[in-house]
Structures are given as C-alpha cells and as structure tokens.
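In: Here's my sequence, what's the structure:
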Amino acid sequence: MKIRILTWAAIAALACTAGACDRESPPPPPRIKEVFHLNGYEKDFGYAQAVLIDKTLYVSGSVSADAQGRLVAPGNMADQMRAAYINVQHTLAAHGVGFEQVVKETIYTTDMDAFLKEKNVRLDFYDKARLPAASWVQVQRLIDPGFMIEIEVVAELP
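Out: Numbering: from 1, shown residues only. So this is what the prediction gives:
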C-alpha cells in the first residue's frame with residue numbers, strides 16, 4: 001500500500017515538474033450585462049426594469065403604475081397586486097418567458113394584513129404546484145406613498 005501511495009506521489013511530482021501544474025486554466029467567458037427598460041421614466045429614476053446576466057433575469061421591483069408612472073388602484077390591495085404582476089408579466093414576456101421561470105419572488109408591502117387577505121391573487125399568475133421561493137416584507141413606505149405593494153423577481157431563462 002505504501003508503495004502505491006509513493007508511486008502516485010512520484011507521478012504527481014513528475015507531472016508538476018513537466019509543467020502540468022504551471023498551466024493556468026483559461027479565463028471564464030465574460031458575463032455580459034443586458035439592461036432592459038419597460039417604461040421611459042425608469043431612466044429618469046436611475047434604474048433598469050430588468051438586468052439579464054447569462055440566463056438569469058433580475059427584475060426590479062414592479063409597482064401598480066401605468067406606462068407614465070402613475071399610481072393604479074389607490075387604496076385597493078388586490079387591484080394593485082394585479083397591476084404590479086401584470087407589469088412583471090410584461091417584463092418577463094419581453095424576454096420570452098413567463099411566471100413558470102420565476103425562481104425567487106420578493107414582495108414589499110406597506111400593509112401586511114391587507115396583503116395576506118389578498119395573497120391568493122398571486123395564484124392568478126403562478127402555477128399553485130410550482131410556486132417560487134418567496135419572501136414577504138412589510139415596509140414603512142414605497143417610492144410613492146400610494147403604492148401598497150412592490151414585487152421583485154428573479155427568473156431563470158431556458
């Protein structure tokens with residue numbers, strides 16, 4: 001047994017002296033960051049609606065805003081959720097995917113009780129048997145005091 005170990009050690013030492021250990025592995029290919037804007041006002045606020053790196057799509061928090069950035073459904077959690085999910089859906093569709101590719105969801109809400117009462121609105125968009133990992137967080141306020149919910153997702157593209 002000692003002879004085998006010594007033999008393998010000698011082979012490894014010879015391989016290193018022959019230059020095999022000095023070779024550097026080739027660098028990984030560059031990761032290209034592609035930025036996506038759903039609406040023009042996003043540039044004014046200084047963010048991208050989504051960033052694609054390799055096959056991972058990071059979607060910024062989507063709120064219940066129309067194409068001009070105006071609040072949709074003030075004071076109505078269920079309708080704000082639908083509007084925010086529709087905005088997420090537009091971003092996903094622009095990249096050729098849907099909610100079935102979402103692997104992580106983070107929801108920020110200013111009213112957790114109202115959100116919990118309406119949480120099943122999510123099932124209008126997700127397959128109940130294939131829900132993503134999720135975090136739900138109550139916050140003091142969002143970018144506009146009228147927004148009650150913001151939905152952020154990460155999707156894996158095929």
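
In: what's Glu100 sitting at in phi/psi?
Out: Backbone torsions of Glu100, given as degrees, to the nearest 10, read phi -70, psi -20.

In: Tell me where the protein has helices.
Out: Assigned helices in the chain, in chain order: 2-17, 41-45, 77-94, 112-118 (criterion: DSSP state H).

In: Compare these and say which comes out lowest on pLDDT.
Out: Set side by side, the helices of the chain show their lowest mean pLDDT on helix 2-17, which sits at a mean of 51.

In: Val97 is in contact with Pro158, correct?
Out: Yes. Here Pro158 lies in contact with Val97, judged by Cβ atoms under 8 Å, at a distance of 7.4 Å. The way it works is simple: take the backbone N, C-alpha and C, and place the C-beta from them, glycine included.

In: Which of those two has more residues huddled nearby?
Out: In terms of neighbours (other Cβ atoms under 10 Å), Val97 is the more surrounded of Pro158 and Val97; the figures are 16 against 6.

In: Least confident secondary structure element in the chain?
Out: Within the chain, confidence by mean pLDDT, DSSP states H and E is lowest for helix 2-17 among all helices and strands, at a mean of 51.

In: What is the neighbour count of Leu131?
Out: Here the count is done by other Cβ under 10 Å, and Leu131 has 13 residues near it.

In: and it, what is it in contact with?
Out: When the contact criterion is Cβ atoms under 8 Å, 6 or more residues apart in numbering, the partners of Leu131 are Arg122.

In: That one and Thr56, how far apart?
Out: As judged by Cβ to Cβ, to the nearest Å, Leu131 and Thr56 stand 19 Å apart.

In: do Lys104 as well
Out: From Lys104 across to Thr56, the span is 10 Å (Cβ to Cβ).

In: which residues are common contacts for these two?
Out: Each of Val154 lies in contact with both Lys104 and Thr56 under the rule Cβ under 8 Å, 6+ apart.
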